[in-house]
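# Quick one, what's the 3D model for this:
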Amino acid sequence: MKNTIYFLGLSIIISVIISCSSNTKSNTETINQLNGNVEKSDPLPSWNEGTTKTAIISYVNDVTNPESKNFIAIPDRIATFDNDGNLWSEQPAYFQLFFAIDRVKALASEHPEWKTTQPFKAVLENDMDELLKHGEHGLIKLVMASHAGNTTEDFEAIVKEWLATAKHPRFNRPYTDLVYQPMLELLDYLRANDFKTFIVSGGGIEFMRPWVEDVYGIPRDQVIGSSIKTEYHYNNGNPVIKRLAEIDFINDKEGKPECIHKFIGRKPVFASGNSDGDLQMMRWAASNKLKSFMLYVHHTDSVREWAYDRESHIGKLDKGLDQANKDGWTVIDMEKDWKVIYSFELKK
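Numbers count the residues shown, from 1 in each chain. Predicted coordinates:
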């Protein structure tokens, strides 16, 4: 009799656990105990109702449904996101450039030659127009001078200190406040449905690692970015990795699918970006034999953020926009699709 009661109780407990698990797996359903109805909670509350939001939710529902012909097994649910202009803002210049500028100014006393050498002279004279004239080569020189010569631990501490004190020139807020609230919700929604989310960015990998886990909920080992070369030193029994003034690789354009293959080993089924620099990553996802979803952020809100695309020197979206329209990829109209852009808008 005792055994019968024991096994009956055990079966009830197992049934409850299974039931609770199925109810909490996704954040899209909650049970209203008062009226007995199943209510659909909104997984993307900062998104306006429309074709973009519907397309995202329909895709996730389809590929996570075991009875669907498009069902994707959990190990293959790989989602890759660009960072600059896609998860946080990138105007009036990439935020890592502002970091490099501040580092050059902090190190200027050790380099008197910078007062007469470009692009450092432009930085010290706060001449952004002159600085941008030096293009990618000039920006790389700034990064090499300001990001190298220290250990990886020292550099991480410098990044954290800068993020804790630096303010965006337009909003006068920490740069990590300029994260897109709708994209945070999208990341949470995908993870709630067993997608593994990665950052695949042209930004520096060691610039992003110190803060992405707290801000995006993406572990630092799921970040792929550009990097400079490093060198191991035993350091008399206290090993360190030193950062060298030499480019390792640039994770942009063709580099993105190459690095996805190298570091993830699976094609993404969900890819999100905002510029032509992300086009190759989007095409890589589109070539997946599994059902894939390509999502472009189109900056159309000149009031709450910025409006730019084909002619922009930062985050140019030209060929990518053409292919998205041609192939039916989903394009976010920031002005129309997002109720809010930043989380601080919710606190007004």
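# how about the helices in the stretch 101-250 of the chain?
For the stretch 101-250 of the chain, applying DSSP state H, counting those that start in this stretch gives helices covering 120-124, 128-133, 135-147, 152-165, 181-192, 205-216.
# And the contacts of the fourth one?
Applying Cβ atoms under 8 Å, 6 or more residues apart in numbering, the contact partners of helix 152-165 are 99, 102-103, 147, 150, 174-176, 206-207, 209-211, 230, 240-243. Every C-beta, even on glycine, is put in place using the N, C-alpha and C of the backbone.
# What about the nearest residue to residue 247 once chain neighbours are set aside, how many residues nearby?
Leaving aside its sequence neighbours, residue 247 sits nearest to residue 228 (Cβ to Cβ, 6 or more residues apart in numbering; 5.9 Å). Residues lying near residue 228 (other Cβ atoms under 10 Å) number 20.
# before we move on, what about the one 5 residues further on?
Applying other Cβ under 10 Å, we find 12 residues neighbouring residue 233.
# Bridged to it, which residues?
Here residue 233 sits in beta bridges with residue 240, as judged by DSSP bridges.
# Am I right that it is in contact with residue 243?
No: counting by Cβ atoms under 8 Å, residue 233 stays clear of residue 243, with 11.4 Å between them.
# Is there a neighbour count for residue 262? I'd like the number.
11.
# mean confidence for the host helix or strand of it?
Using DSSP states H and E, the element containing residue 262 is helix 255-263. Average pLDDT, helix 255-263: 97.
# name the helices or strands packed onto that helix?
strand 196-204, strand 223-233, helix 279-286 (3 or more Cβ pairs under 8 Å, 6 or more residues apart in numbering; DSSP states H and E).
# between that helix and helix 279-286, how big is the angle?
Angle, helix 255-263 to helix 279-286, by axes from the mean of the first three to the mean of the last three Cα atoms, to 10 degrees: 50 degrees.
# Out of the helices of the stretch 101-250 of the chain, flag the one nearest residue 267.
With respect to residue 267, and counting by Cβ to Cβ, the nearest of the helices of the stretch 101-250 of the chain is helix 181-192 at 16.0 Å.
# what sits against the most centrally placed residue in the chain?
Nearest to the geometric centre of the chain sits residue 83, at 3.6 Å (Cα atoms, centre = their mean). Going by Cβ under 8 Å, 6+ apart, residue 83 touches 199, 201, 203, 208, 225.
# before we move on, the earlier item: nearest to residue 54, out of the helices and strands packed on helix 255-263?
Closest to residue 54 of the helices and strands packed on helix 255-263, according to Cβ to Cβ: helix 279-286, at 20.0 Å.
# distance between the closest one and the chain's centre?
Centroid displacement of helix 279-286 relative to its chain, using Cα atoms, centre = their mean, to the nearest Å, is 16 Å.
# Stretch 250-266 now?
That offset, for stretch 250-266, works out to 15 Å (Cα atoms, centre = their mean).
# and it, C-alpha only, in PDB?
Coordinates of each C-alpha in stretch 250-266 appear next as PDB, following Å, rounded to 0.1, in the frame of the first residue of the first chain:
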ATOM      1  CA  ILE A 250      39.000  42.700 -39.400                       C
ATOM      2  CA  ASN A 251      35.600  41.100 -38.800                       C
ATOM      3  CA  ASP A 252      33.600  43.000 -41.400                       C
ATOM      4  CA  LYS A 253      32.000  42.100 -44.800                       C
ATOM      5  CA  GLU A 254      33.500  38.800 -46.000                       C
ATOM      6  CA  GLY A 255      35.200  38.400 -42.700                       C
ATOM      7  CA  LYS A 256      31.900  37.900 -40.900                       C
ATOM      8  CA  PRO A 257      30.900  34.600 -42.500                       C
ATOM      9  CA  GLU A 258      34.500  33.500 -42.400                       C
ATOM     10  CA  CYS A 259      34.700  34.100 -38.700                       C
ATOM     11  CA  ILE A 260      31.200  32.500 -38.100                       C
ATOM     12  CA  HIS A 261      32.500  29.400 -39.800                       C
ATOM     13  CA  LYS A 262      35.800  29.500 -37.800                       C
ATOM     14  CA  PHE A 263      34.400  30.200 -34.300                       C
ATOM     15  CA  ILE A 264      30.800  28.900 -34.400                       C
ATOM     16  CA  GLY A 265      31.000  26.100 -36.900                       C
ATOM     17  CA  ARG A 266      27.300  26.400 -37.800                       C
END
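# Contact partners for the residue nearest to residue 247?
143, 144, 147, 148, 204, 243, 244, 245, 246, 247, 248.
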